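Asker: here is the input, now give the coordinates:
(one chain, ligands or ions: 1)
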Amino acid sequence: MKNIVVVGSLNMDLVLEVNRVPKIGETIKGEEMSYLVGGKGANQAVAASRLGNEVKMIGCVGQDTYGEKILKHLKEEGVNVEGVIKDEAIFSGIATIFKTTNDNSIVVIPGANDFCNKDLIDKNLDIIKSADILITQLEIPLETVEYVLKVSKENDVKTILNPAPATKINKELLKNVDFITPNETEFEIISEKVFNHSNELEEAMVSWQKENISTTLIVTRGKDGASYVEEDTVKTLKSLEVDVVDTTGAGDTFNGALAHGLSHELPIDEAVTFAGTAASLSVTKFGAQIGMPTFEEVKNAH
Ligand code: RIB
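Answerer: As a prediction, this is how the structure comes out:
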């Protein structure tokens, strides 16, 4: 059993099922509404736990009903939440998700996630030092992300940065990132380029990888799979063809499953294929976490 630590966000997702996203100034009627536990950090922790790993989460919720529900749910999913604090001064993170037939748009109000700070990392140094791999994302303060990546590298812990929601990433931070996993839109922000065709994306990937040799770039591409650069050539591993119900959390499933594969020392092509299969399976059910597969389900999908 591998030891995976996730430092990141925990949210209550308010999922609104709609035919389309409203325009500015417009009111539309939606179809259904659900409250589900989410947050990119919590989702990645659940994804890795379902695959049979020992997963510890570090983060912050509010001292409110949502915070209680989030922690209870993570415990039921086998995630150790001893590193998650409840802050009485702030509300738990909330994500409003407009779920349309094939895609979604999300507004996140970080709330307690903004209180996931360096002190919290220092208090949980032992958890981080004993990890096989650490995953973090950008729904918590950037300075915490920078700090936890630095501490992890100093202690020889492998790191994955899922740069979502995307922002420009500086070179100093990248020194401590072993794997970076943007989707195509996030990679546009990171590379400061716009891609109109896949060949433009692929050229940008090759040049980005040449400039940042110590970090492996893996771009997730939805139904087109996931790509990385090998000997100046982009390798794309296709995802499974599935009936899509809900794409929320697909990227998080990919990251949790990638952490599984890499911590089990799988070569990059196998780790990316494993993660892509897990992500494909996750979109066949409603909600960010409900469709996240077990190890057997991923293995049997081939
Ligand atoms: O990646 C999906 C997640 O993004 C949702 O669960 C939501 O909480 C937002 O953080």
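
Asker: show me what from the stretch 101-250 of the chain comes close to the ligand.
Answerer: Ile106, Val108, Glu139, Thr248, Gly249 (CB under 6 Å from any ligand atom). Yep, even glycine has a C-beta here, placed from its N, CA and C like the rest.

Asker: can you say which helix or strand has the third one in it?
Answerer: When you say that, I think you mean Glu139. According to DSSP states H and E, Glu139 maps onto no helix or strand at all.

Asker: and if you look at the second one?
Answerer: In the assignment (DSSP H and E), Val108 maps to strand 104-109.

Asker: in that strand, what's buried?
Answerer: Buried residues in strand 104-109, counting neighbours by 16 or more other CB atoms under 10 Å, are found at Asn104, Ile106, Val108.

Asker: which residues touch that strand?
Answerer: With CB atoms under 8 Å, 6 or more residues apart in numbering as the test, strand 104-109 has contacts from 9, 11, 21, 93-98, 139, 165, 246-248.

Asker: if I look at the residue in the stretch 201-302 of the chain that the ligand sits nearest to, how far off is Asn102?
Answerer: The nearest approach of the stretch 201-302 of the chain to the ligand comes at Ala288, 4.0 Å away (CB to the nearest ligand atom). Computed with CB to CB, to the nearest Å, the distance linking Ala288 and Asn102 is 16 Å.

Asker: of the two, which one has the most company?
Answerer: Ala288 (32 against 12; other CB atoms under 10 Å).

Asker: check the secondary structure at that one for me.
Answerer: Look at Ala288: counting by DSSP: H, G, I helix; E, B strand; the rest coil, its state is coil.

Asker: try the one 5 residues further on
Answerer: Applying three-state DSSP to Pro293 yields a three-state assignment of coil.

Asker: before we move on, the earlier item: now the residues of the stretch 101-250 of the chain next to the ligand in TSV, with pLDDT?
Answerer: Below are those laid out as TSV (pLDDT from 0 to 100):
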residue	pLDDT
Ile106	91
Val108	95
Glu139	97
Thr248	93
Gly249	95
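
Asker: relative to Ser214, which of these is nearest.
Answerer: Glu139 (24.6 Å; CB to CB).

Asker: which ones are touching the closest residue to the closest one other than its chain neighbours?
Answerer: Distance criterion CB to CB, 6 or more residues apart in numbering; nearest residue to Glu139, sequence neighbours excluded, is Ser9 at 3.4 Å. If a contact means CB under 8 Å, 6+ apart, then Ser9 has 39-42, 59, 93, 108, 110, 113, 116, 137, 139-140 as its contacts.

Asker: among the residues you listed, who's most crowded?
Answerer: Ala42 leads these on contacts (other CB under 10 Å) with 34 neighbours.

Asker: surely that one is within a helix?
Answerer: Yes: counting by three-state DSSP, Ala42 is found in a helix.

Asker: quick check, it in contact with Leu71.
Answerer: No: using CB atoms under 8 Å, Ala42 is not in contact with Leu71; the gap is 9.7 Å.

Asker: where does Ala89 land in three-state SS?
Answerer: When classified by three-state DSSP, Ala89 comes out as coil.

Asker: show the pLDDT at the closest residue to it other than its chain neighbours.
Answerer: Closest residue in space to Ala89, ignoring its immediate chain neighbours: Phe115 at 7.9 Å, by CB to CB, 6+ apart. Predicted confidence (pLDDT) for Phe115: 97.
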